[in-house]
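Visitor: Here's a sequence, model it:
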Amino acid sequence: MTALAKYDRLEATGLWRPFPQEQRREVIVSIGDATLVISDMNDQAIAHWSLAAVDRYGSSTSPAVFHPDGDPSETLELMNSEAEMINAIEILRKAVSKTRPKPGRLRWMGATVSVGAVAAALIFWLPGALQKHTISVVPDVTRIKIGAALLTRIERIAGKPCQARPAAPALKTLALRTKTKELIVLRSGLTDSLYLPGGKVLVNKVLVEDYDEPDVIAGFILAEQLRGQTSDALDEMLSHVGIRATFTLLTTGNLPSQALDDYAETVISSPRPQADETALLAAFKDANIRSTPYAKAIDVTGESTVGLIEGDPVSGTLSQPLLRDSDWLRLQAICGN
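Guide: Numbering: from 1, shown residues only. Predicted coordinates for the structure are as follows:
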């Protein structure tokens with residue numbers, strides 16, 4: 001969309017609230033790649049809204065209150081002083097709406113087509129084929145949106161992510177070293193780590209608080225990244241939520257709230273599959289990170305992870321320290337301990 005280029009450096013401050021019962025948080029709002037990016041004051045992205053699915057309460061309310069289409073419980077307030085951002089959102093919303101078919105134009109055949117499509121999908125199209133097709137056509141912006149929606153549900157169970165300004169540089173260094181889009185530390189609920197659709201990686205605070213060196217958490221991140229590369233996180237999700245939710249995603253671009261809720265409860269408590277050892281060692285080598293600390297964190301005896309210990313690509317060599325001691329200590333205190 002050519003209109004996006006005009007606003008790619010535009011930023012504003014606003015008040016964001018994920019649920020009605022939550023307090024509003026001051027955030028930074030910017031225009032991303034076909035998304036409205038909402039970041040905390042540490043410049044960590046906490047929500048991505050598809051510009052194609054941004055709605056507004058009224059057209060002239062003050063302050064301007066926006067929400068994702070179909071989810072009015074999550075809101076973003078922009079005061080009149082942020083008129084440039086408000087106007088940009090309105091312009092982009094209108095640009096998107098012009099590309100949508102007019103409701104009246106196809107209404108007469110909508111019911112017939114939708115019923116026929118559902119029947120065809122359920123009768124003639126095997127569930128596996130439907131899921132495979134859905135995965136192939138879902139754009140990255142929708143994957144990001146689904147990942148953000150799933151994170152919102154996970155936060156209801158595990159609590160809000162740990163955020164401490166002094167720990168932000170160390171978290172960013174870890175993300176860069178492991179080639180991760182965004183790292184999020186959770187207080188509880190999560191078994192150890194999780195890769196979300198869209199590329200975010202969640203880690204349990206235990207991985208930073210209970211170990212003496214950052215190579216352990218880096219290993220879990222690398223393993224999640226590898227799982228994300230070899231097994232599509234969205235594909236795993238659709239396998240769990242079933243054909244009805246998959247068909248809803250294919251036809252509307254959204255997953256049902258109940259499907260997201262159910263999957264969130266399941267995925268955070270499920271053990272993660274073992275990453276391929278050869279590929280994981282290659283990832284450690286590429287990142288110049290020791291695999292032995294990670295291997296011993298998984299199995300203190302080293303019996304089941306002997307391959308990761310004996311094949312450590314950085315063992316005995318001079319490697320660049322993952323984090324300075326002072327940064328590691330700040331990261332260990334990210335949850336306020």
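Visitor: Next, count neighbours for Lys132.
Guide: Look at Lys132: counted by other C-beta atoms under 10 Å, it has 12 neighbours. All C-beta atoms are positioned from the backbone trio N, CA, C, and that covers glycine.
Visitor: tell me how far the ends of stretch 162-172 are from each other?
Guide: 14 Å (C-alpha to C-alpha, to the nearest Å).
Visitor: no, scratch that, I was asking about stretch 38-48
Guide: End-to-end distance for stretch 38-48, by C-alpha to C-alpha: 6 Å.
Visitor: How far off centre is it?
Guide: Remark: stretch 38-48 is offset 12 Å from the chain centroid, using C-alpha atoms, centre = their mean, to the nearest Å.
Visitor: mind listing what's buried in it?
Guide: 38-40, 42, 44-48 (16 or more other C-beta atoms under 10 Å).
Visitor: Can you flag which of these belong to helices?
Guide: In helices, judged by DSSP state H, none of the buried residues of stretch 38-48 are found.
Visitor: Please flag which of these sit within strands.
Guide: 38-39, 45-48 (DSSP state E).
Visitor: follow-up on the earlier one: for the buried residues of stretch 38-48, which one is nearest Ala233?
Guide: Comparing the buried residues of stretch 38-48 against Ala233 with C-beta to C-beta picks out His48 as the nearest, at 15.4 Å.
Visitor: residues contacting the closest one?
Guide: By C-beta atoms under 8 Å, 6 or more residues apart in numbering, the residues touching His48 are 32, 35-38, 141, 144-145, 148, 198.
Visitor: All the strands of the protein, residue numbers only.
Guide: So, for the chain - with DSSP E - the strands run 11-17, 25-31, 35-39, 45-50, 54-56, 64-68, 75-78, 182-186, 193-195, 200-204.
Visitor: quick one: average confidence on the first one?
Guide: Taken as a whole, strand 11-17 carries a mean pLDDT of 91.
Visitor: What of the fourth one?
Guide: Predicted confidence along strand 45-50 averages 76 (mean pLDDT).
Visitor: what's the answer for the last one, then?
Guide: The pLDDT scores in strand 200-204 average 94.
Visitor: Same check on the third one?
Guide: Throughout strand 35-39, pLDDT has a mean value of 83.
Visitor: Other residues contacting it?
Guide: 14, 16, 27-31, 45-51, 54, 66, 76, 89, 141, 144-145.
Visitor: how big is the angle separating it from strand 64-68?
Guide: For strand 35-39 against strand 64-68, the angle by axes from the mean of the first three to the mean of the last three C-alpha atoms, to 10 degrees is 110 degrees.
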